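Q: I would like the atomic coordinates for the input below:
(one chain, ligands or ions: 1)
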Amino acid sequence: MKGHIPEDIIEEVKARVNVVDVVSEHVTLKKAGRNFVGLCPFHREKTPSFTVNPEKQIFYCFGCGEGGNAISFLMKINNMSFPESIRHLAGKMGITIPVKKVTAGEKRKASEKEKLIRINQMAADQFRHNLMSAKGEVARSYIGKRGIDDTVVKQFGLGYSPDEWRFLQNSFDGKGVARDLVRKAGLIIIKDNGQCYDRFRGRLMFPIENLNGDTVAFGGRIIGDGEPKYLNSPESPIYVKGKILYGLYRTKNEIKRKDEAIIVEGYLDLFALWSAGIGNVVATLGTALTKEQIELVRRFTRNVSIIFDPDEAGKSAVERSLKLFLEEEIRARVVILTDGYDPDEYVRTYGRGSLEELIDHSSSMVDYYIEEIIASGNTLEDKRDSVRDSVSFIGNISDPVQRNLFIKRVSEKVGIDQGILKSEVGKKLVHRPSPSGQRAIPAKKREIVDQIELSLIHMMMEYPDRIPIVAHDRIFDYFLSRPLKNIGESVVQSYHAGENKNLFHIINDLADQGIREKLLKLTVEERPYDDDVIIDKLLEDTIKKIRLRWYEMKRKSLQGELIKAQRMGDMQLCERLVIEKGRLLQEEKMFKV
Ligand SMILES: [Zn+2]
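A: Numbering: from 1, shown residues only. Take a look at the predicted model:
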């Protein structure tokens, strides 16, 4: 499972990684006492129940029960394997993973995704290099002409693909990279007759990064005349179009800071805003906004302003996104630029202040929809159509409060009786599948976990200096739950293996989901005691309870056996059982004092 990463590197990564840093890349966290809290990226919620504890390096969601450490967070959120996430973290920490002793079999196992990312990274380096070389003259002059400044070129890693058929292919051939992988990465095209050529030729190149900062695709703007004006990498195992927002990796901190995201359509729009000092911006790259993209933004803010190109501020685009925003409970505003400008032109003409003012005074998407779309018609026919459209739109809003608000406002605006509108919407609702307001939390196998034994294990993790006492008492022999007994013993083992090891990491690897979840929960919610007397008393009581319960259980089972033996008339067995019972009672008394 661990690939060819040496154990000591894995340990180093585990020891140095900070779960708060890792989670912050994906979720806006706020300090709350000893913990940080935020909106869970794994289920939909209104109030933050996703909790991260920096001391224990653990996260846990009280809403859906998802939890673990930094590595399991990465695995879950990025759909990465264990070695992938270790390699990713090692890369960020500047830890080099030695490439020695890689057998052919292991090499094949290195995941395809990792290889594709590496190929894209190599291509990005090559494109950047081209831009600065003699070949890049034409691209540099284009950059100057479009007014893209140097910091943008550097920050967003812009590059250039020369107008040649096999430039990139030759470069990869020279490095011994398999052509089929380069094709899979979308960088070359292989024809049926085996001929290959570069996909991007004579273009200004924009690396497209995922939220980890890995280059997963490219966009290319033609320099000079030619079609298409913009060309994107095709989808691949590492790149799905509607699941990425361009620039988010670079701008998410500013989005968090301002608690607002501005959504534009294209690269140049984003650059224009960014250069003007409006850094909380992302680009959809021309496609209609998807649910997945909105979910990405939602991890960092719930305030969004969309700048629509006026020529495309069509009804359907607004209607479509508004529905998604309402579902995700995001406050969305619509910014319509005057005079047919796109954001790039607008900032250049009127400056940053004017655009900011426009954004600040933009109307909410709900208002925009009602004012400009529903109520836009003048004739009776127009109004009838508006009502019909609004009924179907309102019928799709899953939150009943939102729905009623909408009904009220539309009825006022169009001048139609609220009751009639409500009943029309009601007819629509009947045919809808059950409201999908809250995403269903997958039902996990939840078994009853012994609370007393569990709390002893938790205490051992909280107060490792007491572990020798617990171990000395052989308390695990008195555990009724076999899985908990095993966990207890492995805690003791880890403690002896390395005194300063973070014992909470053990939780992450637990196979029993029920126990794992309960321990994570205890770990983030319980406030540990600092008072030694209280800790010792608590520990003593817990151990005592566990022992007495075991004796009680043993007594009951002996009693049962005794009755059975009497019924069968087995006097010898009866005698043995009575003696055994007496011995146990004697023992129990010793512990009771
Ligand atoms: Zn959750």
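Q: gap between the two ends of stretch 153-164?
A: 22 Å (C-alpha to C-alpha, to the nearest Å).
Q: buried residues in it?
A: 153, 155-163 (16 or more other C-beta atoms under 10 Å). Yep, even glycine has a C-beta here, placed from its N, CA and C like the rest.
Q: repeat for stretch 228-237
A: Buried, per 16+ other C-beta under 10 Å, within stretch 228-237: 230-233, 236.
Q: keeping just the C-alphas, turn it into CSV.
A: C-alpha atoms of stretch 228-237 as CSV (Å, rounded to 0.1, in the frame of the first residue of the first chain):
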residue,chain,number,x,y,z
PRO,A,228,-10.3,28.5,-32.2
LYS,A,229,-9.4,31.6,-30.3
TYR,A,230,-9.1,29.6,-27.1
LEU,A,231,-8.2,26.0,-26.9
ASN,A,232,-8.4,23.8,-23.8
SER,A,233,-6.8,20.5,-22.9
PRO,A,234,-9.4,17.7,-23.3
GLU,A,235,-10.7,16.0,-20.2
SER,A,236,-8.4,13.4,-18.7
PRO,A,237,-8.1,11.3,-15.5
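Q: I figured residue 68 was touching residue 519, is that so?
A: No: applying C-beta atoms under 8 Å as the test, residue 68 and residue 519 come out as separate, 10.9 Å apart.
Q: common neighbours of the two, please.
A: residue 507 (C-beta atoms under 8 Å, 6 or more residues apart in numbering).
Q: for whatever residue of the stretch 101-250 of the chain ends up closest to the ion, helix, strand, or coil?
A: Nearest residue of the stretch 101-250 of the chain to the ion (C-beta to the ion) works out as residue 211 at 17.9 Å. For residue 211, the secondary structure call by DSSP: H, G, I helix; E, B strand; the rest coil comes out as coil.
Q: and the pLDDT for residue 1?
A: Predicted confidence (pLDDT) at residue 1: the value is 40.
Q: looking at residue 68 and residue 519, which has the bigger crowd around it?
A: Using other C-beta atoms under 10 Å, the more surrounded residue of residue 68 and residue 519 is residue 519, with 26 against 22.
Q: which non-adjacent residue is nearest that one?
A: Distances taken as C-beta to C-beta, 6 or more residues apart in numbering place residue 507 nearest to residue 519, at 4.8 Å, with adjacent residues excluded.
Q: helix/strand/coil for residue 285?
A: coil.
Q: what sits against it?
A: 208, 219, 232, 241, 246, 265-267.
Q: quick revisit: which two among the buried residues of stretch 228-237 are spaced furthest apart?
A: With C-beta to C-beta as the measure, no two of these lie farther apart than 230 and 236, at 17.9 Å.
Q: skipping adjacent residues, who's closest to residue 42 in space?
A: residue 66 (4.5 Å).
Q: read off the pLDDT value for that neighbour.
A: Residue-level pLDDT assigned to residue 66 equals 93.
Q: poorly predicted segments of the protein, please.
A: For the chain, applying pLDDT under 70 flags the ranges 1-3, 99-110, 309-315, 430-447, 499-501, 593.
Q: quick one: contacts for the spatially most central residue of it?
A: Centroid-nearest residue in the chain, with C-alpha atoms, centre = their mean: residue 77, separated by 4.0 Å. By C-beta under 8 Å, 6+ apart, the residues touching residue 77 are 26, 41-42.
Q: just the ones of those residues in strands?
A: Per DSSP state E, strands hold no members of those.
Q: so which of those reach the ion?
A: residue 42 (C-beta under 5 Å from the ion).
Q: closest to the ion out of the contacts of residue 77?
A: residue 42 (4.6 Å).
Q: secondary structure element for residue 141?
A: helix 137-146 (DSSP states H and E).
Q: quick check: what element follows that helix along the chain?
A: helix 150-155.
Q: can you list contacts of that following helix?
A: 131, 143, 158, 250, 271, 274-275.
Q: secondary structure and distance to the ion added to these, as TSV?
A: Formatted as TSV, those follow (DSSP: H, G, I helix; E, B strand; the rest coil; distance: C-beta to the ion, whole Å):
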residue	secondary structure	distance to the ion
131	helix	43
143	helix	44
158	coil	38
250	helix	27
271	helix	35
274	helix	32
275	helix	38
